[in-house]
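Asker: when you get a sec, could you give me coordinates for this:
(chains A and B)
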2 protein chains.
Amino acid sequence: MQLSKQNLQNRTNYIYDAIVIGGGAGGLSAGIYLQRFRLSSLIIDKGKARSFWMQELHNYLGLPPDTPGKVLLQQGKEHYASLDGDFLNAYVEEVVDEGETFAVKVKVGRVNSLFATFRTRYLIAASGIIDHLPPLEEMRNVYDYAGYNLHVCMVCDGYEMTDKKCGLIAGSEASIEEMAFNLSWFTPYITVFTHGTFEVSPPMRQKLREHGYPLVETPIRQFLGQNHQMTGVELVDGSIVELETGLISMGSRYHNSYLQELNLEMQGGNLATDKMCRTSHPRIFAIGDLKVGLNQVVIAAGDGALAATQIWRDIRRARGARRWEANV
Amino acid sequence: MQLSKQNLQNRTNYIYDAIVIGGGAGGLSAGIYLQRFRLSSLIIDKGKARSFWMQELHNYLGLPPDTPGKVLLQQGKEHYASLDGDFLNAYVEEVVDEGETFAVKVKVGRVNSLFATFRTRYLIAASGIIDHLPPLEEMRNVYDYAGYNLHVCMVCDGYEMTDKKCGLIAGSEASIEEMAFNLSWFTPYITVFTHGTFEVSPPMRQKLREHGYPLVETPIRQFLGQNHQMTGVELVDGSIVELETGLISMGSRYHNSYLQELNLEMQGGNLATDKMCRTSHPRIFAIGDLKVGLNQVVIAAGDGALAATQIWRDIRRARGARRWEANV
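Answerer: Alright, predicted model coming up:
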């Protein structure tokens, strides 16, 4: 059921089989599998998964390629609700390992917040990442284009940029190195913007020159365009660079601060997992963008199936087989 | 484009970046990703993927839980065609490693067959498995119920069997051991059928007795029911066992004979792969049910994304970055 400030006390003296932190593609898929395995589950979602921002999901098998990310999420939420899974809109502040169970401490509501603790045997961390966007005075201006023709994922949307004049908005020299020359697979008409946020080394300047990619270091004042189609940028000095598409590569923030005290094994910023998405803690799983691997909706959905299945196997093995008792 | 006997000669002097063998969930997802990576691809499909038989896909994120498997496949095929991928209905007889390329030898059409050879740099084996069904005199009778309430996959459909009188139709003592006691998670009202195809050892008889699961060794004459809802079985001696659902566990056939000469590393009947679905041959990938792992539609779809992305990385790295040349 949908939990809220009004009814959540019904569940605070309860131990779930699994609590899923994050109601994006990975978390919803995990929830659907958990409920179909007849396990009790709660999804805690703070809202606005990365896929929520995707105006069109172009690469998810089974959905028409103009399906908005939020339609996928809405369908998944209805699917999970139809299986009687519990869902709560809240922010997870901390997870405490109590031995047999985890205490999941949440804050419900931004105003007149209510604080509550839920308990679970298994935990699935599915809270994903969110991309850093260029910090402009008017963030509204960025949101007008981000997820339309101003992209954040080359694997997802490189195809949409094919042979277009593309602005690569980089957050560091490493992100120029990582993205610019790979992006050229899709389009070689690349202008690199630093937005004035970092220095570019002489060797990188040379490399960009050799490839014919202009480097713009003056900060961006605003994106230009209309109807969510970005057509260029205006710099703070008033000059204009015409573009047909853009790729933002300024890094991302991992939504995993609640795991801090648990000392899970990391690999870079990602959680290390085995092939069933189990972390270094035997009862904590990590799926989707939090773990090492590709950040793709379909992979997060598959991860949800893997983690839920392994949790079911663990619990099933511990409980043993049931006898055919009495009358059916 | 859709290839056929009439037009396939347009592609026989061509080297694809990747040929995908199998047009099920894994193969279609791979094809969508490959085309979006601007690689040339051909999917060769012999028809009737395992998911084609699923009357309702209950656990695929983003689709209503009564979506037939064939609707997912049709949507995927249209999606792939919209990206200009090549598709051929044919049977792959053999794959020959020619060094830089693979020769993929196909038979097109069951009557007046045409034999042709296609070439590719990379190969994705996505041809899956098909379940063995109980061999009855009238196979039509099995197809009337298989995929409805006569299931073949416990992970997929255990939920549908919850607390129902279930017939487990086993193909070996190992499959009784593997399935019966796990199936009891969903329902303990299990009758085990051997269909007279194998002997059951005294210890297993004892174990079944202890769990209260009747063992029926008389062969099945036919399934009973109507409107695709199986209500029991009639045995060859005329006696009837009432059931509300069934699970067939008689093993499966791997569609991988075309790989025989390539000496790929196996693990049991499955192909061993790394986390990007690469087999022991650096240019052959295996996805979905052929590889080690869970046989789930959403996982096959995710595998397709992994394999296609790794192939793109390989090819992209080999070709290097493009310069911004001349006029855009």
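Asker: distance check, the spatially closest residue to residue A:131 that is not a sequence neighbour against residue A:135.
Answerer: Excluding its sequence neighbours, the residue lying closest to residue A:131 (CB to CB, 6 or more residues apart in numbering or on different chains) is residue A:152, at 4.4 Å. C-beta coordinates here come from the backbone N, C-alpha and C atoms, glycine included. Separation of residue A:152 from residue A:135 (CB to CB, to the nearest Å): 15 Å.
Asker: same check on residue A:272?
Answerer: Applying CB to CB to residue A:272 and residue A:135 gives a distance of 31 Å.
Asker: before we move on, back to that, quick check: the residue nearest to residue A:131 touching residue A:129?
Answerer: No. Using CB atoms under 8 Å, residue A:152 makes no contact with residue A:129, being 10.1 Å away.
Asker: who has more neighbours, these two?
Answerer: Neighbour count, other CB atoms under 10 Å in any protein chain shown: between residue A:152 and residue A:129, residue A:152 has more, with 23 against 19.
Asker: okay, the longest strand anywhere in chain A in PDB with CA atoms only?
Answerer: Longest strand of chain A, by residue count under DSSP state E: strand A:114-125. The C-alpha coordinates for strand A:114-125 follow below in PDB (Å, rounded to 0.1, in the frame of the first residue of the first chain):
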ATOM      1  CA  LEU A 114       8.000  13.300  10.300                       C
ATOM      2  CA  PHE A 115      10.900  11.000  11.200                       C
ATOM      3  CA  ALA A 116      10.400   7.200  11.300                       C
ATOM      4  CA  THR A 117      12.400   4.000  11.300                       C
ATOM      5  CA  PHE A 118      11.600   0.900   9.300                       C
ATOM      6  CA  ARG A 119      13.300  -2.500   9.700                       C
ATOM      7  CA  THR A 120      14.300  -5.100   7.100                       C
ATOM      8  CA  ARG A 121      16.300  -8.300   6.700                       C
ATOM      9  CA  TYR A 122      17.700  -7.400   3.300                       C
ATOM     10  CA  LEU A 123      18.500  -4.000   1.700                       C
ATOM     11  CA  ILE A 124      18.600  -3.100  -1.900                       C
ATOM     12  CA  ALA A 125      20.400   0.200  -2.700                       C
END
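Asker: can you tell me if that strand touches chain B.
Answerer: No. Contact of strand A:114-125 with chain B (CB under 8 Å from any CB of the partner chain) is absent, the minimum separation being 14.3 Å.
Asker: which helices and strands does that strand pack with?
Answerer: strand A:15-21, strand A:41-45, strand A:102-108, strand A:284-286, helix A:297-319 (3 or more CB pairs under 8 Å, 6 or more residues apart in numbering or on different chains; DSSP states H and E).
Asker: could I get the pLDDT score of residue A:327?
Answerer: On pLDDT, residue A:327 comes in at 52.
Asker: returning to what we had before: ok now do the residue nearest to residue A:131, which residues does it touch?
Answerer: Contacts for residue A:152 (CB atoms under 8 Å, 6 or more residues apart in numbering or on different chains) come out as A:131, A:146, A:247-249.
Asker: if we use 7 Å, what do you get?
Answerer: A:131, A:146, A:248 (CB atoms under 7 Å, 6 or more residues apart in numbering or on different chains).
Asker: select only the buried ones of those in ChimeraX?
Answerer: Entered in ChimeraX, the line below selects the buried ones among the contacts of residue A:152, by 16 or more other CB atoms under 10 Å in any protein chain shown:
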select /A:131,146,248
